[in-house]
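[1] okay, here's the prediction I keep looking at, along with the sequence it came from:
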Amino acid sequence: MKKMVMVAGLLMAVSAFAQGFGGFGGPQGGGSVPDADKTADVNYAGDGKTYHTLDIYIPKEAKESYPVVIHTYGSAWSMNNMKGSADLSTICAAYVKAGYAVVTPNHRSASDAIYPAQLHDIKAVVRFVRGNAAKYKFDTNFVAVSGFSSGGHLSSLTATTCGLKEGKSGSVTVDLVGDLGEYTSFSSCVDGAVLWSPPTDIYTMNPISMGGSGTMEGAFIGVEREGNKDKWMVASSPYYASDDDPPVIMFHGTSDNVVNIEQSQELYDSLKNHNVVTEFVKVSGGTHGGDKMNSSENLAKAVAFLDQAREAKATAVEPPDTSSQDTSVVTPPDTSVQDTAKTDTVPPGIVYDTLPDALPVLRSLSMHRESYRVYTLDGTLVMKSSTLDLSRLNPGVYYVVATTRTGARQTFRYAKR
């Protein structure tokens, strides 16, 4: 009986700690998203589990489609049903007001499953968005992630692990993609990230105690830090930073005594070292969440950053000026939304029957550094890497393979696996 009381007390303490009494999760608030039509409790995994549900907020201003921001709550990875407290009246409201559809997902808690289950959940949400573009009027030419605290951590991993099937450190290997849900043929890559007070390198962050019974991070990973560096490293986003990461902006309070501000600094430095478009907003006097962090000025900066990322992506996939270039450069595909899994036609241009046939030419175009981006015919990015992993592509489907030579425009060629 005594043991049961102790366990119940610990769970109550963790819940209060995570949900907004100054703890790792901070004051996020409930409320609602003004000027939005809400679709609640959609199961994105098809398993009927509450922790695999999400809410959708569509701006009431009628448009053909809306770019998407997936915003994830903070809870120290300890809660599995907090989508109704995911900064709705502040961060999410600002996104909707700016014309973005907002998706707020639940995810498994550390007591449901250890890492990388939570990353698999958020990536399944990204794929769900792409797989349901027509149903919910999502514009999948731009899908971004956003998150507060531990939600920011999961968002940072989603942004930095695109193109990687596995994370490896020493003898430890983890699956970074998962096979959750029915939309596994769609990409889980994203086009931008907004991180609010995020832990990023949990190996170096100040540990968050669970009252003498270990740490929040240890519960999330499944083992405590001592002697388990590799298991903690594969859950740390600075470890995965690469040249092809999407634009990332971070907001962190100088007085945050829950997640030390050096966490954002570390990711910022790693991204800058790879020439990724990134910003770091140090909020003077800001704590872990709250009014200073969610000021109108910061919300406007977040929206402006997403808008700029959208514009930059749109510019990047516009047809290149071929007036002074090799005529083998072709126009990239039309970016209208379609079911790419069943595409069997390809626009005019340089066409290769198979990707292996195309590889020698593609490599010759990237003389100093092999850099590839692979798109479906609707313009969705499915891979970005220095190597082409053909196993991640669907057989018999045409793709656009973009290569970049240092100092030159991207060159696009069509090929299928």
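    Arrived safely, thanks for sending. Numbering: from 1, shown residues only.

[2] tell me which stretches of the protein form helices.
    2-19, 93-97, 117-131, 133-136, 150-160, 216-221, 229-233, 262-273, 296-316, 355-365 (DSSP state H).

[3] looking at those, which is buried most?
    With neighbours taken as mean count of other CB atoms under 10 Å, the helices of the chain reach their highest mean count in helix 150-160, at a mean of 30. In short, each C-beta sits where N, CA and C put it, glycine included.

[4] mind putting the helices of the chain into a markdown table with distance to Ala76 and mean pLDDT?
    Listed next are the helices of the chain as a markdown table, based on distance: least, CB to CB, whole Å; pLDDT from 0 to 100:
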| stretch | distance to Ala76 | mean pLDDT |
| --- | --- | --- |
| helix 2-19 | 5 | 37 |
| helix 93-97 | 24 | 98 |
| helix 117-131 | 11 | 98 |
| helix 133-136 | 30 | 97 |
| helix 150-160 | 5 | 98 |
| helix 216-221 | 4 | 95 |
| helix 229-233 | 15 | 95 |
| helix 262-273 | 14 | 96 |
| helix 296-316 | 22 | 93 |
| helix 355-365 | 43 | 65 |
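
[5] take those helices and lay them out in TSV including distance to Gln28.
    Converted to TSV, the helices of the chain look like this (distance: least, CB to CB, whole Å):
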stretch	distance to Gln28
helix 2-19	8
helix 93-97	13
helix 117-131	17
helix 133-136	24
helix 150-160	9
helix 216-221	16
helix 229-233	26
helix 262-273	18
helix 296-316	14
helix 355-365	45
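
[6] so which of those helices is nearest Lys60?
    Nearest of these to Lys60, taken as CB to CB: helix 93-97 at 8.7 Å.

[7] and that closest one, what does it pack onto?
    Under the contact definition 3 or more CB pairs under 8 Å, 6 or more residues apart in numbering; DSSP states H and E, helix 93-97 sits against strand 53-59, helix 296-316.

[8] how about 7 Å then?
    Under the contact criterion of 3 or more CB pairs under 7 Å, 6 or more residues apart in numbering; DSSP states H and E, helix 93-97 touches helix 296-316.

[9] name the residues that touch the helix it packs on?
    Applying CB atoms under 7 Å, 6 or more residues apart in numbering, the external contacts of helix 296-316 come out as 67, 69, 90-91, 94-95, 98, 142, 144, 191-192, 194, 246-247, 249, 251, 279, 281, 283.

[10] for the helices of the chain, which one sits closest to Thr376?
    helix 117-131 (9.3 Å).

[11] surely Gly286 and Val259 touch.
    No: using CB atoms under 7 Å, Gly286 is not in contact with Val259; the gap is 11.4 Å.

[12] okay, these two: which has more neighbours?
    Using other CB atoms under 10 Å as the criterion, Gly286 and Val259 rank with Val259 on top: 27 against 24.

[13] per-residue confidence at the closest residue to the more buried one other than its chain neighbours?
    Nearest residue to Val259 in three dimensions, chain neighbours excluded: Pro199, at 5.0 Å (CB to CB, 6 or more residues apart in numbering). pLDDT for Pro199: 97.

[14] contacting residues for Pro199?
    Per CB under 7 Å, 6+ apart, neighbours of Pro199: 150, 153, 205, 259, 263.

[15] need the residues you listed in TSV (columns: distance to Lys384).
    Formatted as TSV, the contacts of Pro199 follow (distance: CB to CB, whole Å):
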residue	distance to Lys384
Ser150	26
His153	22
Met205	28
Val259	29
Gln263	25
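
[16] tell me the one of those nearest Tyr372?
    Nearest to Tyr372 among those, with distances taken as CB to CB, is His153, at 28.0 Å.

[17] which residues touch the closest one?
    His153 sits in contact with 198-200, where contact means CB under 7 Å, 6+ apart.

[18] so which of those sit within strands?
    Per DSSP state E, strands hold no members of the contacts of His153.

[19] from Gly192, how far out is the residue positioned nearest the centre of the chain?
    Centroid-nearest residue in the chain: Thr158, 3.5 Å away (criterion: CA atoms, centre = their mean). For Thr158, the distance to Gly192 (CB to CB, to the nearest Å) stands at 11 Å.

[20] quick revisit: so which of the helices of the chain gets nearest Ile58?
    helix 133-136 (6.8 Å).

[21] where's that closest one relative to the chain centroid, distance-wise?
    In terms of CA atoms, centre = their mean, to the nearest Å, the centre of helix 133-136 is set 20 Å apart from its chain centre.

[22] and what of stretch 46-53?
    With CA atoms, centre = their mean, you get 20 Å for stretch 46-53.

[23] straight-line length of that stretch, end to end?
    9 Å (CA to CA, to the nearest Å).

[24] mind listing what's buried along that stretch?
    Judged by neighbour count (16 or more other CB atoms under 10 Å), stretch 46-53 contains these buried residues: 51-53.

[25] between these, which is closest to Lys231?
    Tyr51 (22.7 Å).

[26] wait, what's in contact with that closest one?
    80-81, 106-108, 112.

[27] how much space between it and Val382?
    27 Å.

[28] quick check: mean pLDDT of stretch 164-180?
    For stretch 164-180, mean pLDDT is 94.

[29] my guess is Ser187 contacts Val382. True?
    Yes: using CB under 7 Å, Ser187 is in contact with Val382, at 4.1 Å.

[30] quick check: pLDDT value at the closest residue to Lys229 other than its chain neighbours.
    Nearest residue to Lys229 in three dimensions, chain neighbours excluded: Tyr203, at 6.2 Å (CB to CB, 6+ apart). For Tyr203, the pLDDT comes out at 93.

[31] show me what contacts Tyr203?
    Taking CB under 7 Å, 6+ apart, one finds 225, 229, 232-233, 236 in contact with Tyr203.

[32] and which of those is nearest to Gly74?
    Ser236 (17.1 Å).

[33] report the contact partners of the closest one.
    Neighbours of Ser236 in contact, by CB under 7 Å, 6+ apart: 200-203.

[34] may I ask which of these has the most neighbours?
    Within the contacts of Ser236, most neighbours by other CB under 10 Å means Thr200, with 28 neighbours.

[35] give the contact list for that residue.
    By CB under 7 Å, 6+ apart, the neighbours of Thr200 are 153, 156, 236-238, 263-264, 266-267.

[36] repeat that for 6 Å
    By CB atoms under 6 Å, 6 or more residues apart in numbering, Thr200 lies in contact with 156, 237-238, 263, 266-267.
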